[in-house]
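Asks: Okay, predicted coordinates and the sequence, questions at the end:
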Amino acid sequence: MNTNNALSSPREKQLLGMPIVLIWGYIAIAIFMTGDGIEQAFLSKYVVDLGFSASQASMLFTVYGLVVAVASWLSGVLAELLGPKRVMVAGFSLWIIFHICFLVFGLSKGNYGMMLTMYGIRGLGYPMFIYAFVVWIAYIAPKQRLASAMGWFWCMYSIGVGFFGTYIPSFTIPYIGFMGTLWMSIGWVLLGGFISLFLIRDDFSRYKKELNTGKEKFQELLKGVTLFFENRQIAKAVVVRVINQLSLFGLVVILPLVFTKEVGFSMSEWLRIWGAVYISTIFGNVIWGIIADRIGWIKQVKWFGCVGCAVTTVMFYYVPMAVGPNFWVALFIAVLFGITMSAFVPMSAVFPTLEPNHKGAAVSMHNLSAGLSNFIGPGIATLVLPYFGAVGVIWTYTVLYLFGAVVAHFLKVTEVNKKEENMTSARQEIFYK
């Protein structure tokens, strides 16, 4: 079989850019991330309520982010070597085991050492599950629809971690408490895992050549590291992708305390405000993915992603501090923040496009970048917060976003040319083969 022709020809049925053959995988992502995201917007405050400092709470997220970064890098190459489904199964299994350990030996006993250890190791789980699926998408989706396919992935991610993952605890915490809500998350992760195991029928092996020898497998694994040094455009893309979600992962550490203790919102109000960030990204990820395939991936990332997030990150802090606990104003800012955050969605398509002969390794670099964002975002809060407060953290993120715009300006990606895309679009309506 000619792999290149298979990958470049849109022979798989699509729905607005989503590969239909993977539809159960997209659903599994949404359900899995619901369970993974349930503690996101309240865990830092709960840890502080248990008697730990804000810096200790931030450190918990920082250690978790470091493990996520490593697992994110490994997931891409492992998915290419072992197959995405095996890596996804390993991911949800690890998540469940160490989440239980985190609750039983860490939070329940107030043992900070066990909290750091178990929550950190649990960080292996979700990157292996979701980023292995990104490799699957990278091999199936035709190039001219790759940003759209990735947009659907991030849409499902946002539905899970942001919409259900944030709004469900706003209703369950008053009735079953923080711990009951954390135990409930296991059911969502288990359901998402089972869907990925039993309902995705696609055979990944038909998209790529087999690596038969141990040497070939080792070389492919090593490629996930060396690409950063071999391909300058990949290196630039890594910088932009790391900057992408810094404030998303960092603000969730500092803003629960700012909004509830300084501005005057209740915890339920804060959860609904933060949930609006992800609700806006649900639509933003799909719409920006389609727009990017038309106006250009890098142009969108530079202006609407980097510059846009620089502006909305500042607004997310200063506007509520200025007007007080006005729910609708804060909700409006949260929506703007989510819209600009989702403008980065083409970055998932940029990496495999920059290295088409090593898609798994390229996606690994993307995943590592995303994981580093998960680590560096809270890490900045941990380092800056004790000396310059929340406002110092905000301005650090803002300056980094502006720096990201400069790097993106010099990022060169060969996208599908307009003539080719217009010819393809003319043959396609909602479904196409």
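Replies: Ah, there it is.
Asks: residues contacting Ser75?
Replies: 87, 91, 127-128, 131-132, 135, 364, 367 (CB atoms under 8 Å, 6 or more residues apart in numbering). Placement of C-beta: from N, CA and C, glycine included.
Asks: where along the chain do the strands fall?
Replies: Assigned by DSSP state E, the chain shows strands spanning 14-15, 18-19.
Asks: ok, the first one: who's next to it in the sheet?
Replies: Counting by DSSP bridges, the strands paired with strand 14-15 are strand 18-19 (antiparallel).
Asks: got a list of contacts for the partner strand?
Replies: With CB under 8 Å, 6+ apart as the criterion, strand 18-19 contacts 12-13, 26, 137, 140-141, 148-149, 152.
Asks: Need those in CSV (columns: neighbour count and pLDDT).
Replies: Formatted as CSV, those follow (neighbours: other CB atoms under 10 Å; pLDDT from 0 to 100):
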residue, neighbour count, pLDDT
Glu12, 18, 58
Lys13, 13, 77
Tyr26, 21, 95
Ile137, 23, 88
Ile140, 22, 83
Ala141, 26, 80
Ser148, 28, 83
Ala149, 26, 87
Trp152, 26, 90
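Asks: Please narrow these to those residing in helices.
Replies: Mapping these onto helices (DSSP state H) picks out 26, 137, 140, 148-149, 152.
Asks: re earlier: show me which of the contacts of strand 18-19 is closest to Thr226.
Replies: Taking CB to CB as the measure, Thr226 sits nearest to Ile137 out of the contacts of strand 18-19, at 23.6 Å.
Asks: Leaving out sequence neighbours, find the closest residue to that closest one.
Replies: Ala149 (5.2 Å; CB to CB, 6 or more residues apart in numbering).
Asks: What of Ser44?
Replies: That would be Ala57: by CB to CB, 6+ apart, it lies 4.3 Å from Ser44.
Asks: Neighbours of that neighbour, how many?
Replies: Residues near Ala57, counting by other CB atoms under 10 Å, number 26.
Asks: wait, doesn't it sit right on Ile254?
Replies: No. Ala57 lies out of contact with Ile254 (CB atoms under 8 Å); the separation is 9.7 Å.
Asks: just the strands of the chain: most buried one?
Replies: strand 18-19 (a mean of 23; mean count of other CB atoms under 10 Å).
Asks: what is the mean pLDDT for it?
Replies: Average pLDDT, strand 18-19: 82.
Asks: and what of stretch 318-331?
Replies: 96.
Asks: do stretch 344-358 as well
Replies: Mean per-residue pLDDT for stretch 344-358: 88.
Asks: Look through the chain and tell me its longest helix.
Replies: helix 359-409.
Asks: Show me what it is packed against.
Replies: Where contact means 3 or more CB pairs under 8 Å, 6 or more residues apart in numbering; DSSP states H and E, helix 359-409 is packed against helix 54-82, helix 125-140, helix 214-230, helix 232-244, helix 246-257, helix 308-323, helix 347-354.
Asks: lowest-confidence stretch among the ones you listed?
Replies: Among those, helix 214-230 scores lowest, with a mean of 68.
Asks: picking up where we left off before, what residues does the residue nearest to Ser44 make contact with?
Replies: 43-45, 47-48, 253.
Asks: How about Tyr26?
Replies: 18, 152-153, 156.
Asks: of all the contacts of Ala57, which comes closest to Asn244?
Replies: Using CB to CB, the contacts of Ala57 come closest to Asn244 at Val253, 17.0 Å.
Asks: Who's the closest spatial neighbour of Leu103, skipping the chain neighbours?
Replies: Leu103 sits nearest to Leu182 (CB to CB, 6+ apart), 5.8 Å away.
Asks: How about Phe164: what's its closest non-neighbour residue?
Replies: Thr34 (4.1 Å).
Asks: That neighbour contacts Ile168, correct?
Replies: Yes. Contact criterion CB under 8 Å: Thr34 and Ile168 qualify, at 7.2 Å.
Asks: More neighbours: which of those two?
Replies: A side-by-side neighbour count of Thr34 and Ile168, using other CB under 10 Å, places Thr34 first with 25 against 20.
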